[in-house]
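Student: could you look at this predicted model? Sequence included:
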Amino acid sequence: MDQSHLNASQSRSVDRKTIEKNRRIQMKDLYSELNSLLPQTSRESLALPDQLDEAANYIKKLQVNVEKKRERKRKLLATAAFEKLNSTGSSSMSSSVDVSMPRRLPRIEIQETGPVLHIFLVTSMEHKFIFHEITRLITEEAGAEMTHAGYSIVDDAVFHTLHCKVEDCDYGAGTRISESLKKLVNTVN
């Protein structure tokens with residue numbers, strides 16, 4: 001019985017050694033793979049912990065660059081979307097809305113196309129409440145139907161696009177709504 005117990009403990013010891021050996025081989029392979037992904041510098045003269053620190057710093061730098069690129073992409077997409085919306089309107093409207101950071105916020109531009117109003121609103125983050133006031137005024141007071149509402153955020157500017165349908169039988173309703181919205185926005189300025 002002592003012989004079988006001794007064989008079992010030797011077997012466990014061999015298993016542990018094999019597992020540890022395989023783990024070391026796997027770690028060396030992972031290190032080699034990581035090392036091959038880093039830019040080639042004189043890191044061979046550095047100790048292993050220093051090389052790992054250099055790799056960690058390089059990865060952090062890459063993460064910062066990726067975040068900067070994502071933010072730039074998001075800003076470009078928001079600007080392109082706003083410009084696209086402006087290009088569907090009249091030339092006077094696209095020239096009056098500054099896509100970069102507007103000097104005075106909030107700003108509103110309204111285009112009337114038959115029974116549909118296309119509303120472009122630019123606010124700052126601190127004036128974002130005005131969007132709710134505009135939708136309330138359109139739906140509750142003017143009785144128009146909202147067909148689309150969207151927004152994009154670039155830095156501190158929020159670009160809103162709204163489309164609403166005005167009652168066909170009420171002539172001049174679009175003009176009245178436009179005047180009310182402009183008056184509301186101008187009271188905030």
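Tutor: Received the coordinates, thanks. Numbering: from 1, shown residues only.

Student: give me the contacts around stretch 134-151.
Tutor: 108, 116-117, 119, 121, 131, 158-167, 173, 176-177, 180-181, 184-185 (Cβ atoms under 8 Å, 6 or more residues apart in numbering). C-beta here means a position set from N, CA and C on the backbone, and glycine is covered the same way.

Student: may I see the buried residues of it?
Tutor: Residues of stretch 134-151 classed as buried by neighbour count (16 or more other Cβ atoms under 10 Å): 134-135, 137-138, 142, 144, 151.

Student: so how far is it from its chain's centroid?
Tutor: Offset of stretch 134-151 from its chain centre (Cα atoms, centre = their mean, to the nearest Å): 26 Å.

Student: average pLDDT for that stretch?
Tutor: Averaging pLDDT along stretch 134-151 yields 83.

Student: dump it to CSV, keeping only the CA atoms.
Tutor: Written as CSV, here are the backbone C-alpha positions of stretch 134-151 (Å, rounded to 0.1, in the frame of the first residue of the first chain):
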residue,chain,number,x,y,z
ILE,A,134,-39.7,73.5,-29.6
THR,A,135,-41.2,70.0,-29.8
ARG,A,136,-43.9,71.0,-27.3
LEU,A,137,-44.7,74.2,-29.2
ILE,A,138,-44.9,72.3,-32.5
THR,A,139,-47.1,69.4,-31.3
GLU,A,140,-49.2,70.9,-28.5
GLU,A,141,-49.7,74.6,-29.5
ALA,A,142,-49.4,74.4,-33.3
GLY,A,143,-51.0,71.0,-33.6
ALA,A,144,-48.4,69.9,-36.2
GLU,A,145,-47.3,66.2,-36.5
MET,A,146,-43.7,65.4,-35.8
THR,A,147,-42.4,63.0,-38.6
HIS,A,148,-38.7,63.0,-37.7
ALA,A,149,-36.4,64.1,-34.9
GLY,A,150,-32.7,63.5,-34.7
TYR,A,151,-29.5,65.0,-33.3
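
Student: okay, now the domains of the protein?
Tutor: 1-62, 105-186 (the TED database).

Student: follow-up on the earlier one: show me the buried residues of stretch 134-151 that map onto helices.
Tutor: Mapping the buried residues of stretch 134-151 onto helices (DSSP state H) picks out 134-135.

Student: lovely, talk soon.
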